[in-house]
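**Student:** With the sequence up front, the predicted model follows.
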Amino acid sequence: MGAHGNSGVVTVLSYEVANSNLLVQFGPFTPAGCETAEYKAGPGEVAIITANVTVYSPNLQFHTYFAPYYVVNMQSVYPISFYAIQQIPVGGAGTIQHQATVNLVAGATYKFRSDIRSPNGLYTAAQVICRGVVTIGKRD
């Protein structure tokens with residue numbers, strides 16, 4: 001069934017990038033390419049964020065934290081209450097996923113990103129793939 005009235009999908013923003021031999025940081029960290037292009041919001045718009053990260057072959061068994069966030073007016077905003085957390089064994093792999101919905105402010109410019117961190121300490125992963133799909137919709 002299609003959109004009713006003036007509501008519906010406006011656009012879809014996305015990213016998917018693989019980083020090899022990545023040093024996963026202790027604090028907030030967005031690997032290269034793990035972000036969308038900038039988007040200027042229109043009136044009555046909402047962003048539906050679905051994002052995940054896959055970590056391959058870490059050299060240490062620490063917990064990996066993952067969260068989607070966005071930057072608006074040079075401020076980082078986390079639209080979630082908690083990080084998604086997973087412990088990935090040495091030489092193993094794991095995928096961590098998160099979702100969020102954000103009511104956008106008309107005229108504001110947004111960039112959606114992924115935060116991947118290891119609060120237990122630094123580790124190197126053979127590969128880290130981050131993916132994000134942000135569906136921008138318009139409400140009646």
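**Tutor:** Perfect, thanks for sending it.

**Student:** Beyond the strand or helix carrying residue 112, next helix or strand please.
**Tutor:** Assessed by DSSP states H and E, residue 112 sits inside strand 109-117. Downstream of strand 109-117, the next assigned helix or strand under DSSP H and E is strand 123-138.

**Student:** give me the number of residues near residue 101?
**Tutor:** 11 (other C-beta atoms under 10 Å). Bear in mind the C-beta positions are built from the backbone N, C-alpha and C, glycine included.

**Student:** so it is in which element?
**Tutor:** With DSSP H and E as criterion, residue 101 is part of strand 93-103.

**Student:** tell me which residues in that strand are buried?
**Tutor:** 96, 98, 100, 102 (16 or more other C-beta atoms under 10 Å).

**Student:** Verify the contact between the last one and residue 49 for me.
**Tutor:** Right, residue 102. Yes. Using C-beta atoms under 8 Å, residue 102 and residue 49 qualify as a contacting pair, with a distance of 6.9 Å.

**Student:** Could you list the low-pLDDT ranges of this protein?
**Tutor:** 1-5 (pLDDT under 70).

**Student:** let's go with 80 and repeat that
**Tutor:** Filtered on pLDDT under 80, the chain yields the residue ranges 1-7, 140.

**Student:** Would you mind grabbing the residues shared as contacts by residue 102 and residue 49?
**Tutor:** 70, 79 (C-beta atoms under 8 Å, 6 or more residues apart in numbering).

**Student:** Brilliant, that's me finished.
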